[in-house]
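# Predicted structure and sequence below. I'll ask about it afterward.
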Amino acid sequence: EPGTSRTAAEIVAVARGLASAGAALHAAGVMHGDLYAHNTLFRSAAVATALPRAPAATTPHANKPAAKLSDFGAAFFYPPGSSVGRELERTEARAYGVMLEEMVGAHDGATAGDAGLTVAAVAAIAAECVGPRGGRPAFADIAAALASLKGCEG
């Protein structure tokens, strides 16, 4: 959403969640077909900060995702593990990369701790995703790269 800023932790949480969803979908031979920000329901930072400070087991929102993928109207199936499936995944990786670029562009600018390095790492993943078709990563590889980022659990 224009005018919205996001922390490094929010950017990474959304990126991780959507990469994991993309990995699961493509492993099953499903292409979302329209994986962009306008089809992503973002959890409001205001809601997250207003949550009660109770242990995770007793906080109803503690395990809620940072975002949810929506609108599967353009989704379709393909044979999992097929060469056509890999080409379709490369197409979807580009859309995901565009969304990452938009989120990085909305970074709040904070550089405390590893925030600046983290956002730079997400930007590098985005660049890979929108780069030449043959070099675009699979969603499983994107998810693994994002999982390796440290200091973004908050």
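Perfect, I can see it now.

# residues near residue 32, how many?
Neighbours of residue 32 under the rule other Cβ atoms under 10 Å: 23. Just so you know, the C-beta spots here come from the backbone N, C-alpha and C atoms, and that holds for glycine as well.

# Residue 92 now?
21.

# Isn't it up against residue 34?
No. With contact defined as Cβ atoms under 8 Å, residue 92 does not reach residue 34; the gap is 9.2 Å.

# Now do residue 96, the pLDDT please.
Looking at residue 96, its pLDDT stands at 94.

# With residue 103 instead?
88.

# Please report the distance of it from residue 131.
Per Cβ to Cβ, to the nearest Å, residue 103 is found 18 Å from residue 131.

# the more surrounded of those two?
Between residue 103 and residue 131, counted using other Cβ under 10 Å, residue 103 has the larger neighbour count: 24 against 14.

# distance between the strand or helix carrying that one and the chain's centre?
Element membership of residue 103 [criterion: DSSP states H and E] is helix 83-105. Computed by Cα atoms, centre = their mean, to the nearest Å, the chain-centroid distance of helix 83-105 equals 10 Å.
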